[in-house]
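# Here is the input, now give the coordinates:
(chains A and B, ligands or ions: 1)
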Amino acid sequence: MQKFTEITGIVAPMDRPNVDTDAIIPKQYLKSIKRSGFGPNAFDDWRYLDPGEPGMDHSKRRPNPEFVLNQKPYDQATILLARENFGCGSSREHAVWALDDFGFRAVIAPSFADIFFNNSFKSGMLPIVLDATVVEQLFKEVESDKGYQLTIDLESQKISKPNGDVIPFEVDEFRKYCLLNGLDDIGLTLKHAADIRTYEETRKQQAPWLF
Amino acid sequence: MTARTLYDKLWDAHVVRTEEDGTALIYIDRHLIHEVTSPQAFEGLRLANRGPWRTDSLLAVPDHNVPTTSRNEAITDPVAKLQVDTLEQNCQEFSITEFNMGDIRQGIVHVIGPEQGATLPGMTVVCGDSHTSTHGAFGALAHGVGTSEVEHVMATQCLIQNKMKNMLVSVDGQVQPGITAKDIVLAIIGKIGTAGGNGYAIEFAGEAIADLSMEGRMTVCNMAIEGGARAGMVAVDQTTIDYVKGRPYAPTGEVWDRAVAAWTDLKSDEGAHFDKVVRLDAASIQPQVTWGTSPEMEVAIDANVPDPESEADEVKANGMRKALAYMDLKAGMPVTAIQLDKVFIGSCTNSRIEDMRAAAAVAKGRKVAANIKLAMVVPGSGLVKQQAEAEGLDVIFKEAGFEWREPGCSMCLAMNADRLEPGERCASTSNRNFEGRQGQGGRTHLVSPAMAAAAAVTGHFINVNDL
Ligand code: SF4
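Have a look, this model is predicted:
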C-alpha cells in the first residue's frame, strides 16, 4: 500500500450529496480482473457525452465540458471536496481505485458511507470527515478561487488553508499508523495467528456447527 | 451481566483480540464470493504467496455477469467470460466449493447462502458485496466488504473492525393487507434517509417484522445498506429455526439440538441500550414507489411527486432538482401517471419463491400492457426457478407476456445484456435507483414484486389493491 504522509494539492469541488459508487465507477468497468487502469473511467457517465465500454480508447471520446473534473485546473486535482454520504451504494473497491488512478489522494466530506470509508484506507486514500459548516465554507472558498490548494498533514492531523488557517481532523489511530507507514494489514493480522487458532479451538467446542 | 443487544452478542462472540484503541479482530464464519470483487483478492494472495485460512468457510458462485438466457449458450461478452472463468480457476486452484453456471444451485449469492443453510444464525458472514446485510435476517452479523477485505478474510479468517453503534428500527403493529416487506423497508429508508444508518448496525424489530416470513426479513435486511447501515439484523425466533431446518449445510442430529438451544439467545436483552431508536407505525405504510435517484426518494403510491421548492434544506432541494431532471418527472404529478417502458422482477431483494408467487398472483389471467417493451422475471437461483416451475408460475408469467429467465443479478445492475436503453423507464424490484444503475441514462423506480407486476399489466404505476 502507498504511504500517506503530507500532500499539498488542488481541491476539486463535487457539489452534490449521495455520490454513489455506481457513479464513481460504472458497472461495465467492474468486469476487469485487475486493480489498476480505472482512472480514465472515474465518473464515466458524468465525464463523457458518449457512452463508454471497456476496451475503448477513452482519449477519443467526447468529454462533457460542464463536468468539473474536465475543467482546468481540476483535471490536476488531488483532493476531492464532496457533500454528505459520499461513496454510498455498492461495496466496489474499484471506486477507490478509480479515484486513486485519477490522481486523488484524499476526499473531504461531511460524511461518508461506511464501506467506502473503510475501503479508502486500504489503497492509501485518506477520507476526512469535517463538520458540514466547515465543508460549506471550503466550497465557498474553492468556488471563489480557481486553483485553491490545501495541505493535508496526516501526522499532525491538520489541514492548512492558503490563508494560513488550520483545520484539525480526526483519524483512527490504527488506520493512521497503517497509512503513515504504508503497511499491509494482512501481514499485521498474521502476527496474531496464534490468537486466531486459540479462538478457533474454543469456538469449535462451543459451536461445532460453525466448522 | 449487563443487558446486551443482538449486535453486542454477535460482536462479543467473535472478537479474537482487541487493540488499545478499540480496533478488534473479528472472526468470520462464512465467506461468500462472486466473480466481480474476488479476482484481485486471489491475485493478491498469489502475489504474497498465501492461501485461504479455511477453505470450508468459503462458498463461491458467479452471479453478476452471467447471462439470463439459455444456460447452454456460452457467455458472449469476452470480458465477462474471462471474469467468470477466472472465478472457476481460482476456486479450483484453492479447492473452494463453487456452484458454477451449470449447477442447479447457482444463483444470486445472497439467495443461495440462506437457501443452502450456508448462512446460519449466530454467524458472522461477509461477502464482497454490500447486500450481504441480507443474511442478518437470520440473527447473523453480516456485512459487505471491499476487495482488500475479501483478501484479508481469505488469508486470516478475520476482519479488522471497529464496533458500530446500535440502532433499533421498530415497526409497530400490523401492516395493512397487500403491504409487503419491500414497502416496509422503503418506508424505513424514506424515514431515516440513505445516510441515517451510517456507522450503525440496525436491528429490525416490532410486530410487523416478527410477522414477516424469513424471505420478507431478508428483503428488509437486504436494504439496510440503502439506509446507510452495513449490517441489518432480525432476532432469531421459531420462524428462523423452521426455515433453517433440513437445509443442506445446516447441522443435524444432536448438533442441531445444541445449535437450536444456542440460537434462542440470539435476541436483544430486555433493557439493552440502543444509541438510536426509530419507530414506524406499520398500519400507516402504503405501497411505496421511488421517484428519484436515491432510495430515500420514495412516496406512497397515492401521493404526488414532491416539489423541491418546498424543501427547506438547500443541499437536499438541489439533489431533488437534479433527480427530477434525470428522471424526467414534474413536481406535483401523481405517481400513478408515471408511464413505464420496462419491468424487472428479480434481484437479491425480491427474487425468492414468495416474490415469484406474489408477482404471479397479480399477473394471472392478465396481459402485459402494450406500452411495456419488456417485462422480465428472473428467479434468484436455479432452485427457486425449479420450485416456481413446479407450481406453474412460469406458465402464468409467459401467458401474461412476461419473459421467464435463468437466475442471476441481471437487470439489477446491468452487467450482462439485460439493461435499460437511455431514457427508458423501469419498474424494478431491485434495491438501487441510482443514475445509470440499470443502464446508462435508464430511469429506475423501486417497488415490490406485486406492484411491479401491477405496473406491467397496466403500463403505469397503480396501487395493487385497486387492480
Ligand atoms: S442482485 Fe443486484 S444488488 Fe443483489 S448482488 Fe446482484 S447486483 Fe448486487
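# Could you list the residues of the stretch 1-150 of chain B in contact with chain A?
Residues of the stretch 1-150 of chain B lying close to chain A (CB under 8 Å from any CB of the partner chain) are B:16-17, B:19, B:21, B:23, B:25, B:27, B:29, B:36-37, B:39-40, B:43, B:48, B:50, B:53, B:56, B:64-65, B:77, B:79-80, B:82-83, B:86, B:120, B:122-123, B:128-130, B:132, B:143-149. Yep, even glycine has a C-beta here, placed from its N, CA and C like the rest.
# out of those residues, which touch the ligand?
B:64, B:129 (CB under 6 Å from any ligand atom).
# Type out the ChimeraX command that picks the buried ones from the residues of the stretch 1-150 of chain B next to chain A.
Buried members of the residues of the stretch 1-150 of chain B next to chain A, defined by 16 or more other CB atoms under 10 Å in any protein chain shown, are picked up in ChimeraX with:
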select /B:16,23,25,27,29,36,37,39,40,43,50,53,64,65,77,79,80,82,83,86,120,122,123,128,129,130,132,143,144,145,146,147,148,149
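# mind checking how far the longest helix belonging to chain A is from the chain centre?
When chain A is scanned for its longest helix (criterion: DSSP state H), the result is helix A:193-206. Using CA atoms, centre = their mean, to the nearest Å, the distance from the centre of helix A:193-206 to the centre of the chain it belongs to is 35 Å.
# Do it and chain B come into contact?
Yes - contact between helix A:193-206 and chain B, assessed by CB under 8 Å from any CB, occurs at A:193, A:195-196, A:199-200, A:203, A:206.
# Can you name the residues in contact with that helix?
A:210-211, B:16-17, B:25, B:27, B:53, B:156-158, B:262 (CB atoms under 8 Å, 6 or more residues apart in numbering or on different chains).
# among those, which two are most distant?
The most widely separated members of the contacts of helix A:193-206 are B:Thr156 and B:Ala262, with 25.1 Å between them, by CB to CB.
# Neighbour count for the two, which is higher?
B:Thr156 (26 against 16; other CB atoms under 10 Å in any protein chain shown).
# where's that one relative to the ligand, distance?
B:Thr156 sits at a distance of 25 Å from the ligand (criterion: CB to the nearest ligand atom, to the nearest Å).
# Quick one: mean pLDDT over stretch B:356-366.
Averaged over stretch B:356-366, pLDDT sits at 98.
# Output it as PDB - backbone C-alpha positions only.
Listed next in PDB are the C-alpha coordinates belonging to stretch B:356-366 (Å, rounded to 0.1, in the frame of the first residue of the first chain):
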ATOM      1  CA  MET B 356     -42.400 -15.100  -7.600                       C
ATOM      2  CA  ARG B 357     -45.800 -16.100  -6.200                       C
ATOM      3  CA  ALA B 358     -46.800 -12.500  -5.300                       C
ATOM      4  CA  ALA B 359     -46.000 -11.300  -8.800                       C
ATOM      5  CA  ALA B 360     -47.700 -14.300 -10.400                       C
ATOM      6  CA  ALA B 361     -50.800 -13.800  -8.400                       C
ATOM      7  CA  VAL B 362     -51.100 -10.300 -10.000                       C
ATOM      8  CA  ALA B 363     -50.100 -11.500 -13.500                       C
ATOM      9  CA  LYS B 364     -52.500 -14.400 -13.500                       C
ATOM     10  CA  GLY B 365     -55.200 -14.000 -16.200                       C
ATOM     11  CA  ARG B 366     -53.900 -10.600 -17.200                       C
END
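# Residues touching that stretch, excluding its own?
B:180, B:345, B:377, B:379, B:384, B:388, B:391, B:393, B:396-397, B:400, B:402, B:429, B:448-450, B:452-454, B:456-457, B:464, B:467.
# In strands, which of these fall?
With strands taken from DSSP state E, the overlap with these comprises B:345, B:377.
# Mind giving me the PyMOL command for buried ones among the contacts of stretch B:356-366?
The following PyMOL line selects those of these that are buried, judged by 16+ other CB under 10 Å:
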select buried, chain B and resi 180+345+377+379+384+388+393+396+397+400+402+429+448+449+450+452+453+454+456+457+464
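# What segments of chain A are helices?
A:21-24, A:44-47, A:94-102, A:114-122, A:132-143, A:173-181, A:185-190, A:193-206.
# Give me the buried stretch members for the helix or strand containing B:Ala360, please.
Taking DSSP states H and E as the definition, one finds B:Ala360 inside helix B:353-363. Buried residues in helix B:353-363, counted by 16+ other CB under 10 Å: B:353-360, B:362-363.
# now do stretch B:205-217
For stretch B:205-217, burial by neighbour count (16+ other CB under 10 Å) applies to B:205-206, B:208-209, B:211-212, B:214-217.
# Would you mind giving those as CSV with distance to A:Lys122 and pLDDT added?
What follows is the buried residues of stretch B:205-217, written out as CSV (distance: CB to CB, whole Å; pLDDT from 0 to 100):
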residue, distance to A:Lys122, pLDDT
B:Ala205, 33, 98
B:Gly206, 37, 98
B:Ala208, 38, 98
B:Ile209, 34, 98
B:Asp211, 41, 98
B:Leu212, 36, 98
B:Met214, 34, 98
B:Glu215, 34, 98
B:Gly216, 35, 98
B:Arg217, 31, 98
